[in-house]
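[1] sharing a model prediction with you, sequence too.
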Amino acid sequence: MNTNEANGTTELGQKALAAIEQLVRFALERRLIEPLDEDYSRNLLLSLFRFDEPYLGDEAPEPLEGPQPALDVLIDYGYRIGLIPENTDTYRDLLDAQIMGGLMPRPSEVTREFGELKEAKGIEAATDRFYQLSVDANYIRMDRVNKNVYWQHESEFGDIEITINLSKPEKSPKEIAMAKLLPPPVYPKCQLCRENVGYAGRVNHPARQNLRIIPLKLNGEPWFFQYSPYVYYNEHCIVFHRDHVPMKLTKDTFRRLLAFVDEYPHYFIGSNADLPIVGGSILTHDHFQGGRHTFPIQNAPKEAVFAHPEYDGVTVGIVKWPMSVLRLTGKDSDVLLELADKVYESWKRYSDPAADILAFSEENGNKVPHNTVTPIVRRTPDGEYEMDLVLRNNRTSEQYPAGIFHPHQEMHHIKKENIGLIEVMGLAILPGRLKEELDLTAEILAGDRGLYEAVMEQEDHPLNLHKHWIGQLAAKYGTNRTKEEAWKLVQSEVGGIFVEILGHAGVYKRTETGMEAFRRFVAHLGCAPVQ
């Protein structure tokens, strides 16, 4: 870096100074900072980028709709002057968060504003403001979220949602190698810990200077509320325990979920199951996911309705869904809680060998549990409580080493990861690799004969994992479609595969014998059909 660059007299330096001015004005407009913070915030950025003076151009920089254009200019400049060692997404994100962290209120100020808004205008106004602040601060990366591919698939269970996740940046091979050399994380212990707020990050842990969290009490215990940086649906939030304690489903879990929708009735909330294979990606820190979105499962009807004589006012419905779902509905959350706990405790110990359901197995003389649930709670428009208990089992077998009730091997070319809470509800999160792979598959159906032959003949072809499927599609639809027709056919086929995957994850299959077995469990609970 030369003296001219440091003083901002080069063209790149002038662009960076203008970008600082744009960001400060954007932060003022979006109320990330107050007018009295303007000079202070500008000086923080001038210092970070080694400038002695602010932008002094004759014309005011163009106003920003979002922070990303100015951030890109500043990060390019930051790389030029050595603030980041490499111009990769990982290092750019570390600097991005540092920049925006200097243009935000302190955590206590965010919490105070949230509480004041909640008191004056209600909880929806408070979450609206908190969500927008998270977007404006670039903690929620809308520039990347908007790149995700999304479509709906019409099925017998309603319109299923499909996304190809392109929002999380991929690490370079060098960064992956560097991360492997680093010691296991000690601080923060994981990406959900409260200590992430303001953390500068490192090559194997994201920067979180622009993260803010809201404290709340669930069941008298300290929890926190924040939004996901890569929202998979509207106002995708995370509710996490104050302490780094492992996930464990208990009666208290259901009590916490019900308490949350008392305070946030416009949001749903759910928990991943607490066992490997059927659980989420982070089982080491107790947390829930929620948000303001109507998932396909919510619109699924009840095929049969039951009641239990000891739990007055609460109904139990078998939901028409590829997975095995019991829906508890009632006005009294205390009664619903007791019945939910009975269902859960009964299911944990329930075996039905005829339906291939075993609650336990033995390993080295130890009893290993296999049954658990994925619970989801929401409020209905008339104020009732609704809890979906999705029955899960994580057994494996020689035929299905990845999981009997898990995407089977023939589906792994589309998805092989766990079916977690979000997907249980009917929103597929498919890997980013599929964007190009599915586009090329559509090219084959649109007549690219050379590509088709290459896939069929070359063992190392990038589409080799789809070889069998592509052959089936070509036989079914031919290869003389328009590209638009071909892409819609590919989307429809992928949607059908996801529905089938949900069926694989269902412990009771949607056959006559499967539904009979499901009703056996409901009868085992002591429930009888509602006439």
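    Okay, I see it. Numbering: from 1, shown residues only.
[2] all helices of the stretch 201-350 of the chain, in order?
    Secondary structure of the stretch 201-350 of the chain (DSSP state H, counting those that start in this stretch): helices at 251-263, 296-299, 333-348.
[3] next, format those as JSON lines and append mean pLDDT and distance to Asn393.
    Bear in mind the C-beta positions are built from the backbone N, C-alpha and C, glycine included. Output for those, formatted as JSON lines (pLDDT from 0 to 100; distance: least, Cβ to Cβ, whole Å):
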{"stretch": "helix 251-263", "mean pLDDT": "98", "distance to Asn393": "18"}
{"stretch": "helix 296-299", "mean pLDDT": "98", "distance to Asn393": "19"}
{"stretch": "helix 333-348", "mean pLDDT": "98", "distance to Asn393": "9"}
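[4] any idea which of these gets closest to Arg25?
    Closest of these to Arg25 is helix 251-263, at 35.6 Å (criterion: Cβ to Cβ).
[5] distance of Arg141 relative to Arg392?
    31 Å (Cβ to Cβ, to the nearest Å).
[6] which one of these two is surrounded by more residues?
    The neighbour comparison of Arg141 against Arg392 (other Cβ atoms under 10 Å) goes to Arg392, with 26 against 19.
[7] so what's the residue lying closest to the more buried one once chain neighbours are set aside up against?
    Spatial nearest neighbour of Arg392, excluding adjacent residues (Cβ to Cβ, 6 or more residues apart in numbering): Val278 at 4.1 Å. The contact partners of Val278, taken as Cβ atoms under 8 Å, 6 or more residues apart in numbering, are Thr372, Thr374, Arg392, Asn393, Asn394, Gly403, Phe405, His406, Asn418, Ile419, Ala505.
[8] do I have it right that the fourth one meets Ile357?
    Yes: taking contacts as Cβ atoms under 8 Å, Asn393 lies within contact range of Ile357: 6.1 Å.
[9] before we move on, back to that, wait, which of the contacts of Val278 is closest to Leu328?
    Nearest to Leu328 among the contacts of Val278 is Thr374, at 13.8 Å by Cβ to Cβ.
[10] so what's the residue count around that closest one?
    27.
[11] you'd agree it is up against Met387?
    No: using Cβ under 8 Å, Thr374 is not in contact with Met387; the gap is 11.1 Å.
[12] buried ones in stretch 384-403?
    384-396, 403 (16 or more other Cβ atoms under 10 Å).
[13] average model confidence for the helix or strand Pro375 falls within?
    Using DSSP states H and E, Pro375 sits within strand 371-379. Strand 371-379 shows a mean pLDDT of 98.
[14] before we move on, what about stretch 199-218?
    On average, stretch 199-218 scores 96.
[15] how far does it stretch from one end to the other?
    Terminal residues of stretch 199-218 lie 26 Å apart, using Cα to Cα, to the nearest Å.
[16] how far is that stretch from where the chain is centred?
    Taking Cα atoms, centre = their mean, to the nearest Å, one finds stretch 199-218 lying 16 Å from the centre of the chain it belongs to.
[17] repeat for stretch 478-485
    Between the centre of stretch 478-485 and the centre of its chain there are 33 Å (Cα atoms, centre = their mean).
[18] state the mean pLDDT of that stretch.
    Rounded mean pLDDT across stretch 478-485 is 96.
[19] quick check: which ranges of the chain have low pLDDT?
    1-9, 169-182 (pLDDT under 70).
[20] one step back: got the angle for the strand holding Pro375 vs helix 333-348?
    Here the directions of strand 371-379 and helix 333-348 differ by 160 degrees (axes from the mean of the first three to the mean of the last three Cα atoms, to 10 degrees).
[21] buried stuff in the one helix or strand Ser47 maps to?
    Secondary structure assignment for Ser47, by DSSP H and E: helix 38-48. Neighbour-count burial for helix 38-48 flags Ser41, Arg42, Leu44, Leu45, Leu46, Leu48 (criterion: 16+ other Cβ under 10 Å).
[22] so who does the third one touch?
    Pointing back at Leu44 there. Gly102.
[23] what does the fourth one give?
    The neighbourhood of Leu45, defined by Cβ under 8 Å, 6+ apart, consists of Ile20, Leu23, Val24, Leu74, Ile99, Gly102, Leu103.
[24] regarding the third one, what is its secondary structure?
    Under DSSP: H, G, I helix; E, B strand; the rest coil, Val24 falls in the helix class.
[25] check contacts around it.
    Ile33, Glu38, Ser41, Arg42, Leu45, Leu103.
[26] tabulate those residues (JSON lines), appending distance to Asn204.
    Compiled in JSON lines, the contacts of Val24 are given as follows (distance: Cβ to Cβ, whole Å):
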{"residue": "Ile33", "distance to Asn204": "31"}
{"residue": "Glu38", "distance to Asn204": "36"}
{"residue": "Ser41", "distance to Asn204": "30"}
{"residue": "Arg42", "distance to Asn204": "32"}
{"residue": "Leu45", "distance to Asn204": "27"}
{"residue": "Leu103", "distance to Asn204": "26"}
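[27] in strands only, show me the contacts of Val278.
    Those of these mapping onto strands are Thr372, Thr374, Arg392, Asn393, per DSSP state E.
[28] could you find which two of these are furthest from each other?
    The span of the ones in strands among the contacts of Val278, defined through Cβ to Cβ, is set by Thr374 and Asn393 at 11.5 Å.
[29] between the ones in strands among the contacts of Val278, which is nearest Thr10?
    Nearest to Thr10 among the ones in strands among the contacts of Val278, counting by Cβ to Cβ, is Thr374 at 56.0 Å.
[30] so that closest one versus Phe360, what's the distance?
    Where Phe360 is concerned, Thr374 sits at a distance of 20 Å (Cβ to Cβ).
[31] ditto for Leu64
    58 Å.
[32] between these two, which one's more packed in?
    Using other Cβ under 10 Å as the criterion, Leu64 and Phe360 rank with Leu64 on top: 19 against 14.
[33] hang on, Val522 packs against Ser324?
    No: contact criterion Cβ under 8 Å: Val522 and Ser324 do not qualify, at 10.6 Å.
[34] closest to Asp334 among the buried residues of helix 38-48?
    For the buried residues of helix 38-48, the nearest to Asp334 is Ser41 (48.8 Å; Cβ to Cβ).
[35] nearest residue to Ile497 other than its sequence neighbours?
    Counting by Cβ to Cβ, 6+ apart, the residue nearest Ile497 is Ile414, at 5.1 Å.
[36] where's that neighbour relative to Ile318, distance?
    On the measure of Cβ to Cβ, Ile414 and Ile318 end up 28 Å apart.
[37] next: Val499.
    Distance from Val499 to Ile318, counting by Cβ to Cβ: 18 Å.
[38] can you check Leu95 too?
    Using Cβ to Cβ, Leu95 is found at 52 Å from Ile318.
[39] between the two ends of stretch 399-406, how far is it?
    OK, stretch 399-406 end separation, Cα to Cα: 12 Å.
[40] check stretch 233-251 too.
    From its first residue to its last, stretch 233-251 covers 28 Å (Cα to Cα).
[41] can you give me how far it is from the chain middle?
    Between the centre of stretch 233-251 and the centre of its chain there are 12 Å (Cα atoms, centre = their mean).
[42] repeat that for stretch 283-299.
    Computed by Cα atoms, centre = their mean, the chain-centroid distance of stretch 283-299 equals 8 Å.
[43] same deal with stretch 34-50?
    With Cα atoms, centre = their mean as the basis, stretch 34-50 stands 34 Å off its chain's centre.
[44] dump that stretch to CSV, keeping only the CA atoms.
    Output of stretch 34-50 as CSV, limited to C-alpha atoms (Å, rounded to 0.1, in the frame of the first residue of the first chain):
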residue,chain,number,x,y,z
GLU,A,34,-28.8,7.6,15.9
PRO,A,35,-27.8,11.0,14.6
LEU,A,36,-25.5,11.5,17.6
ASP,A,37,-23.6,8.4,16.5
GLU,A,38,-22.9,9.6,13.0
ASP,A,39,-19.4,11.1,13.5
TYR,A,40,-18.4,8.3,15.8
SER,A,41,-19.4,5.5,13.4
ARG,A,42,-17.8,7.2,10.4
ASN,A,43,-14.5,7.6,12.4
LEU,A,44,-14.6,3.9,13.3
LEU,A,45,-14.7,3.0,9.6
LEU,A,46,-12.1,5.6,8.6
SER,A,47,-9.8,4.1,11.2
LEU,A,48,-10.4,0.5,10.1
PHE,A,49,-9.5,1.3,6.5
ARG,A,50,-6.6,3.6,7.5
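[45] cheers, nothing more for now.
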